[in-house]
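> fold the following and give me the result.
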Amino acid sequence: MLREPSDIRWSPIWLVLWAVGCGGTSVTSGQSNPGDGSAGSAGKATEPAHRCGACAAEQVCCFASGNCYSPLLAPEACEPPPPPEPLATGEGGAGGGDLVSSDHRPCSSNAHCRADEFCRPESDASACVATGYCVARSCTLQCLGGADCNTPVCGCDGETYATEHDACQAGVRVAATAACGEPVAQPGPPVIGCSDDSQCPNAYSCCAISGRCYESSCPGCCTVPPKGSTGACERDNQCAPDQYCAGSGCGTAGGCMWRRSAGDCTGELSEVCGCDGKRYSNQCWAAAAGVRVANAGQCRTGG
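Residues are numbered from 1 along each chain as shown. So this is what the prediction gives:
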């Protein structure tokens with residue numbers, strides 16, 4: 001089910017729900033955090049929002065809040081996010097190279113984009129309720145291996161579309177690369193797009209943020225996941241193989257993150273205590289082991 005559009009470089013993620021097609025980018029890395037011995041760190045999860053229902057004729061969905069609003073009568077109800085800061089290229093440290101601005105225009109609703117565009121989310125982990133950037137509705141998709149992307153998808157409006165391209169042309173975000181109520185064919189925990197609880201298995205509910213079914217006993221599985229993660233979680237077994245449930249502290253809601261490669265970590269000594277009671281040189285080495293950080297410094301008990 002992986003897709004690779006010609007103008008986007010994809011990085012591997014487990015939740016391939018529309019990560020690199022017309023639905024959203026694969027993963028967005030967090031900003032560097034001094035002292036963690038890694039290139040980036042996950043953000044902090046926020047409280048859940050509600051997905052838009054059917055909006056009135058003069059209204060559109062504000063993806064940032066999940067509420068309908070009128071762009072003409074109340075544009076202040078859904079402000080677009082600020083544009084990204086220009087990136088420095090070339091060598092010479094922080095001041096070296098030219099400043100290059102992103103071509104992507106940030107958006108919080110389709111009203112912030114041109115008529116031939118729609119607002120794609122920055123991450124598929126919170127596909128239905130999240131800010132994004134404007135992309136063309138005439139997007140071209142290529143499935144890996146040269147196959148056509150002719151499988152049905154579940155849209156964030158709760159409707160099943162014949163293909164991902166049809167959802168793209170309609171300006172609809174995609175929650176899952178399978179019909180609503182049907183599991184995506186992939187390893188790991190089930191991924192099912194939904195419009196309401198009736199399309200989810202027993203003991204599961206429909207999450208408005210992602211547009212997917214989640215364990216009803218796991219409220220943290222329906223929150224906005226940390227930046228850079230592929231989905232919300234509370235336990236490691238709610239993530240794909242080679243992922244772990246990263247987050248702040250032990251036993252809290254977090255997001256599924258790929259374990260870091262040891263080659264990504266530096267030798268910087270900024271000791272942390274993992275939630276497994278073991279000591280690690282820095283946060284990156286803990287992440288490579290798939291372990292959350294309990295506290296900075298030596299372990300207070302055990303370890």
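
> which residues touch stretch 205-213?
When contacts are defined by C-beta atoms under 8 Å, 6 or more residues apart in numbering, stretch 205-213 is touched by residues 17, 48-51, 66, 125-130, 154-156, 158, 173, 175-176, 190-197, 199-201, 204, 214, 216, 221-224, 231-232. The C-beta positions use only the backbone N, C-alpha and C, and glycine is treated the same way.

> repeat that with 6 Å
The contact list for stretch 205-213, computed with C-beta atoms under 6 Å, 6 or more residues apart in numbering, reads 48, 50-51, 126-129, 156, 175-176, 192-194, 196-197, 200, 204, 214, 216, 222.

> ends of that stretch, what's the gap?
Stretch 205-213 has an end-to-end distance of 5 Å (C-alpha to C-alpha, to the nearest Å).

> and what of stretch 267-279?
End-to-end for stretch 267-279, by C-alpha to C-alpha: 14 Å.

> by neighbour count, which bits of that stretch are buried? Give me those.
Buried residues in stretch 267-279, defined by neighbour count with 16 or more other C-beta atoms under 10 Å: 270, 272-274, 276.

> and for stretch 110-125?
For stretch 110-125, the neighbour count (16+ other C-beta under 10 Å) marks 110-113, 117-125 as buried.

> with just CA atoms, put that stretch into PDB.
Extracted C-alpha coordinates of stretch 110-125, given in PDB (Å, rounded to 0.1, in the frame of the first residue of the first chain):
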ATOM      1  CA  ASN A 110      -9.300  24.200   2.100                       C
ATOM      2  CA  ALA A 111     -10.300  27.900   2.100                       C
ATOM      3  CA  HIS A 112      -6.700  28.800   2.600                       C
ATOM      4  CA  CYS A 113      -5.800  27.100  -0.700                       C
ATOM      5  CA  ARG A 114      -6.600  27.800  -4.300                       C
ATOM      6  CA  ALA A 115      -9.700  26.300  -5.900                       C
ATOM      7  CA  ASP A 116      -7.600  23.600  -7.600                       C
ATOM      8  CA  GLU A 117      -5.900  22.700  -4.300                       C
ATOM      9  CA  PHE A 118      -6.700  21.200  -0.900                       C
ATOM     10  CA  CYS A 119      -5.100  21.300   2.600                       C
ATOM     11  CA  ARG A 120      -3.100  18.100   3.100                       C
ATOM     12  CA  PRO A 121      -2.000  17.300   6.700                       C
ATOM     13  CA  GLU A 122       1.600  17.600   7.700                       C
ATOM     14  CA  SER A 123       1.500  14.100   9.200                       C
ATOM     15  CA  ASP A 124      -0.800  11.100   8.600                       C
ATOM     16  CA  ALA A 125      -0.800  10.400  12.400                       C
END
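
> and that stretch, average pLDDT?
Mean pLDDT, stretch 110-125: 89.

> and the helices in the protein?
Here the chain has its helices, by DSSP state H, at 164-169, 283-288.

> any idea how far H104 lies from G132?
As judged by C-beta to C-beta, to the nearest Å, H104 and G132 stand 9 Å apart.

> ok, E182 next?
Taking C-beta to C-beta as the criterion, E182 is separated from G132 by 25 Å.

> out of those two, which sits in the more crowded spot?
G132 (30 against 15; other C-beta atoms under 10 Å).

> give me the beta-bridge partners of the more buried one?
For G132, the beta-bridge partners are C107, P121 (DSSP bridges).

> just checking, it touches E122?
Yes: assessed by C-beta atoms under 6 Å, G132 is found in contact with E122 at 5.3 Å.

> roughly how far apart are the residue nearest to C239 when sequence neighbours are not counted and A130?
Spatial nearest neighbour of C239, excluding adjacent residues (C-beta to C-beta, 6 or more residues apart in numbering): C256 at 3.6 Å. Distance from C256 to A130, counting by C-beta to C-beta: 16 Å.

> save the buried residues of stretch 267-279 as a markdown table, and put in distance to R137 and pLDDT too.
Below are those laid out as a markdown table (distance: C-beta to C-beta, whole Å; pLDDT from 0 to 100):
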| residue | distance to R137 | pLDDT |
| --- | --- | --- |
| S270 | 46 | 90 |
| V272 | 46 | 94 |
| C273 | 49 | 95 |
| G274 | 46 | 94 |
| D276 | 47 | 93 |
